[in-house]
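>>> What follows is a protein structure lacking sequence information:
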């Protein structure tokens, strides 16, 4: 009798959420803890940056590296752009004996807390953040309805309590621990 063992997995993890929701600290921590490669938003013109980031992501996956993207991805088509991996890359991953697993980590917090963090971080009024919150964040579940991504793992966290207090640090560790458990490390 032949027993088929599961293939090892490569992970593509996309952190999603508005500015100041905790994406960068959590994505950096998860990348370090799991030995994943972290790709941050590139500075510069958005379309060029997206192309460079996707090429870097694909090259890393083809070399057998797990990847964490800290990109925000507010709209359905933005998330699709980050979750979609070209067939040639998926084929190369499978030929190397691995399966590609996708995960979206959706972070959100109370609007007042996001405003406070934005002011603290940038020293300006968070008018652009309101635009992001009101106009740009579409439901992540819409992305997962796409047959290409139906098997993606969705993790959602309220990050309102994150901060430089004992409670904030405990909440960070609680969220990070849950993410680690879900990604298997």
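Alright, I've got the coordinates. On a predicted model such as this, the values are computed, not experimentally measured, just so you know.
>>> any idea of the mean pLDDT for the longest strand along the chain?
Ranked by residue count, the top strand of the chain under DSSP state E comes out as strand 99-108. Averaged across strand 99-108, the pLDDT comes to 93.
>>> just checking, what packs against it?
Helices and strands touching strand 99-108, by 3 or more Cβ pairs under 8 Å, 6 or more residues apart in numbering; DSSP states H and E, are strand 9-16, helix 23-34, helix 76-83, helix 87-95, helix 140-144, strand 153-158, helix 166-183. For every residue, glycine as well, the C-beta is placed using N, CA and C.
>>> would you turn these into a markdown table with distance to residue 107?
Below are those laid out as a markdown table (distance: least, Cβ to Cβ, whole Å):
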| stretch | distance to residue 107 |
| --- | --- |
| strand 9-16 | 7 |
| helix 23-34 | 6 |
| helix 76-83 | 13 |
| helix 87-95 | 27 |
| helix 140-144 | 11 |
| strand 153-158 | 6 |
| helix 166-183 | 8 |
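>>> Distance to residue 67, mean neighbour count and mean pLDDT added to these, as JSON lines?
As requested, the helices and strands packed on strand 99-108 are exported to JSON lines (distance: least, Cβ to Cβ, whole Å; neighbours: other Cβ atoms under 10 Å; pLDDT from 0 to 100):
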{"stretch": "strand 9-16", "distance to residue 67": "5", "mean neighbour count": "24", "mean pLDDT": "93"}
{"stretch": "helix 23-34", "distance to residue 67": "9", "mean neighbour count": "18", "mean pLDDT": "95"}
{"stretch": "helix 76-83", "distance to residue 67": "10", "mean neighbour count": "18", "mean pLDDT": "82"}
{"stretch": "helix 87-95", "distance to residue 67": "11", "mean neighbour count": "14", "mean pLDDT": "94"}
{"stretch": "helix 140-144", "distance to residue 67": "18", "mean neighbour count": "17", "mean pLDDT": "80"}
{"stretch": "strand 153-158", "distance to residue 67": "15", "mean neighbour count": "16", "mean pLDDT": "95"}
{"stretch": "helix 166-183", "distance to residue 67": "12", "mean neighbour count": "14", "mean pLDDT": "96"}
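>>> ok, back up a step: for the longest strand of the chain, which strands pair with it and how are they oriented?
Its sheet considered, strand 99-108 pairs with strand 9-16 (parallel), strand 153-158 (parallel) by DSSP bridges.
>>> Using CSV, lay out the ones you listed together with distance to residue 100.
Below are the strands paired with strand 99-108 laid out as CSV (distance: least, Cβ to Cβ, whole Å):
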stretch, distance to residue 100
strand 9-16, 5
strand 153-158, 12
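>>> nearest to residue 77, of the ones you listed?
Relative to residue 77, the nearest member of the strands paired with strand 99-108 by Cβ to Cβ is strand 9-16, separated by 13.1 Å.
>>> Name the residues that touch the closest one?
Applying Cβ atoms under 8 Å, 6 or more residues apart in numbering, the external contacts of strand 9-16 come out as 23, 26-27, 30, 34, 36, 57, 61, 64-74, 79, 82-83, 85, 93, 98-107, 140, 183-184.
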